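1. predicted coordinates and the sequence they were generated for:
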Amino acid sequence: MGMTMLPPTRRQVLVAAAGACAAISLSCKDSSSTGSGKDVVLYTSIDEPVVKPIVEAFEKKTGIKVRLKTDTEASKTSGLVALLRAEKANPQADVFWNNEPFHTINLAEEGVLTAYDSPAAKDILPQYKDAKGRWASSGLRFRMIAFAPSVTGVTKIEDLVADPNRFGKGKICMGFPALGTIAGHLAALRLLWGAEKYEKFLKALDTAEVKLLGGNSEVVKQIALGNTLVGLTDNDDLQAITRELGPGKVMGISARTAEGGALAMPSTLGLVTGAKHDADAKKLIDYLLTPEVEQQLISAHYAARIVRLEPTTRPPEPVMQIDYEEAAKGMKEAVDKAREILEGKK
């Protein structure tokens with residue numbers, strides 16, 4: 001995994017990412033062959049190296065072929081969401097496997113996803129599946145605070161901005177507000193804190209000249225390179241940089257708030273409304289929701305916890321107590337405010 005240096009100015013970073021966002025509908029890649037037209041089509045924002053062996057095992061077990069369409073890091077999640085919306089009148093996907101819940105919830109509310117009560121979802125905890133059966137989850141990831149080994153005394157998100165000059169200008173980083181799990185995290189913080197504290201947090205980040213990057217993996221790369229000191233990312237990106245560079249290059253803790261608990265992000269599965277391969281799509285969903293696949297997500301260092309009851313011998317991870325559906329409703333407003341303050345965009 002190569003590492004690219006930061007552009008020399010924050011403005012150049014913003015301009016480059018704006019161009020990527022403008023091309024969002026073109027950013028998805030089809031990792032399959034053209035297929036026969038009878039294959040189940042899976043759109044997924046989960047990293048392809050994680051998904052591919054799981055899908056191959058399903059194909060071997062069932063004889064059903066799966067065509068994958070994945071997102072690039074630069075448009076993680078949001079590219080496929082835009083595509084699903086654009087294709088609503090003539091859906092090309094059968095199943096959507098998302099790396100977070102917020103966009104999935106909004107797609108369900110817009111009618112892009114339809115109800116399917118999978119038997120494999122029976123023992124999933126209620127907070128990690130839709131009461132109307134339009135989505136269910138497999139594998140929990142967590143938002144993390146990543147920091148250089150020289151940084152001490154950071155135990156919660158509020159510590160990033162308690163003193164905007166603490167780390168020096170341009171030494172805090174995060175992904176662009178509209179991307180992937182960042183958008184959901186911002187929506188969750190706004191719901192938890194209220195609009196006033198949320199905006200104060202954003203303004204403090206702006207005062208610190210936060211660097212906005214092209215994704216969560218770039219956050220840990222830039223900390224490892226010494227270009228920044230601290231940032232917000234996901235647990236799998238933090239683990240990936242540790243596997244690549246060895247321990248001690250980038251440290252990390254759960255991105256808890258003063259209220260306690262980090263944001264848990266279940267990966268979500270939904271059946272696309274009007275799916276052309278409905279029966280086989282349901283078989284794929286049933287398979288992807290099994291405990292065995294969830295354990296594969298953990299073994300691949302993607303997920304950190306399960307969406308079912310944990311064994312009693314394992315202490316529970318404190319999680320942010322929020323309503324995912326309410327956060328999803330407010331996601332656009334949270335992202336718009338973040339872009340206004342951090343990117344200067346109305």
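-> That came through fine. Residues are numbered from 1 along each chain as shown.
2. pLDDT at the closest residue to Asp117 other than its chain neighbours, what is it?
-> In space, and not counting its chain neighbours, Asp117 is closest to Gly133: 4.5 Å by Cβ to Cβ, 6 or more residues apart in numbering. Placement of C-beta: from N, CA and C, glycine included. At Gly133, the model reports a pLDDT of 97.
3. could you do Pro316 as well?
-> pLDDT at Pro316 comes out at 71.
4. okay, and it sits in which element?
-> Here Pro316, judged by DSSP states H and E, is contained in no helix and no strand.
5. and the gap between it and Gly214?
-> Per Cβ to Cβ, to the nearest Å, Pro316 is found 34 Å from Gly214.
6. neighbour-wise, which of the two wins?
-> A count of neighbours by other Cβ atoms under 10 Å puts Gly214 above the other of Pro316 and Gly214, at 21 against 9.
7. could you measure from the more buried one over to Leu202?
-> Counting by Cβ to Cβ - Gly214 and Leu202 are separated by 19 Å.
8. mind checking the SS state of the closest residue to Leu186 other than its chain neighbours?
-> Among residues not flanking Leu186 along the chain, Ala334 sits closest, at 4.5 Å (Cβ to Cβ, 6+ apart). What DSSP: H, G, I helix; E, B strand; the rest coil gives for Ala334 is helix.
9. swap in Ala275?
-> coil.
10. now it. Nearest residue, chain neighbours left out?
-> Asp94 (4.1 Å).
11. can you check the pLDDT for that neighbour?
-> Per-residue pLDDT puts Asp94 at 98.
12. look up how far Asn106 lies from it.
-> Distance, Asp94 to Asn106, using Cβ to Cβ: 19 Å.
13. more neighbours, those two?
-> Asp94 (25 against 18).
14. that one reaches Ala279, doesn't it?
-> No - in this structure, Asp94 is not within contact of Ala279 by Cβ atoms under 8 Å, at 10.0 Å.
15. got phi/psi on Val151?
-> Main-chain dihedrals, Val151, degrees, to the nearest 10: phi -80, psi 130.
16. go on, Thr44?
-> When read as degrees, to the nearest 10, the backbone of Thr44 gives phi -140, psi 140.
17. surely Ser138 forms part of a strand?
-> Yes - counting by three-state DSSP, Ser138 is found in a strand.
18. which residue packs closest to it, ignoring adjacent ones?
-> Nearest to Ser138 is Glu294, by Cβ to Cβ, 6+ apart, at 4.9 Å.
19. tell me which element the one you found is part of?
-> helix 291-299.
20. count of residues packed around the closest residue to Leu229 other than its chain neighbours?
-> Once flanking residues are discounted, Leu229 sits nearest to Lys171: 4.3 Å by Cβ to Cβ, 6+ apart. Residue neighbour count, defined by other Cβ under 10 Å, stands at 21 for Lys171.
21. for Met320, see how far away the most centrally placed residue in the chain is.
-> When Cα atoms, centre = their mean is applied to the chain, the residue found nearest the centroid is Thr181 (3.3 Å). For Thr181, the distance to Met320 equals 13 Å [Cβ to Cβ].
22. again, but for Leu271
-> 28 Å.
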